[in-house]
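Undergrad: quick one, fold the following:
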Amino acid sequence: MPARSSADPAATVAAVSAVSDWLRDDAAATPDRPAIATAVRLTARTLAALAPGASVEVRVPPFVAVQCISGPRHTRGTPPNVVEADPRTWLRLATGLLDVDEASRLGALRLSGSRAGEVAGWLPVVTLTD
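TA: Okay, the predicted model is just below:
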């Protein structure tokens, strides 16, 4: 596993590819927890690297929380701008299989704060190939 602050692009693509059937097909078997965790952590860290900053916190419980997007830095208590999703929803967003508006409309993505929606401009972070 790479250092917490970095996400190797090849490792990220490999981790996402390992769970891609599950992301694309509701009937596919759920991958094992470590495979999901690795894909979630690496894609979230990729987002944080692409959109450096600390004005929006992206949470994918129980695996990761990262701060991203430049602007006022949050340092204590509940952040004012939060994006939260379950692991499958996050990975579908991170790969472009689902967009932020649709995920929010379906209730699978929770956005709070005036800047949370800005995450849409940084997604997807990985493109799946067939």
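
Undergrad: measure residue 115 to residue 106 for me?
TA: Counting by CB to CB, to the nearest Å, the gap from residue 115 to residue 106 is 21 Å. (Each C-beta comes from the backbone N, C-alpha and C, glycine too.)

Undergrad: higher neighbour count, the two?
TA: With neighbours defined as other CB atoms under 10 Å, residue 115 and residue 106 compare such that residue 115 has more, 19 against 10.

Undergrad: not counting its neighbours along the chain, what's nearest that one?
TA: Nearest non-adjacent residue to residue 115, counting by CB to CB, 6 or more residues apart in numbering: residue 81, 4.3 Å away.

Undergrad: who's in contact with the one you found?
TA: 55, 56, 57, 69, 74, 112, 113, 114, 115, 116 (CB atoms under 8 Å, 6 or more residues apart in numbering).

Undergrad: buried set for the longest helix along the chain?
TA: Across the chain, the longest stretch assigned as helix under DSSP state H is helix 33-50. Counting neighbours by 16 or more other CB atoms under 10 Å, one finds that the buried residues in helix 33-50 are 36-48.

Undergrad: swap in stretch 85-96?
TA: 85, 87, 88, 89, 90, 91, 92, 93, 94, 95.
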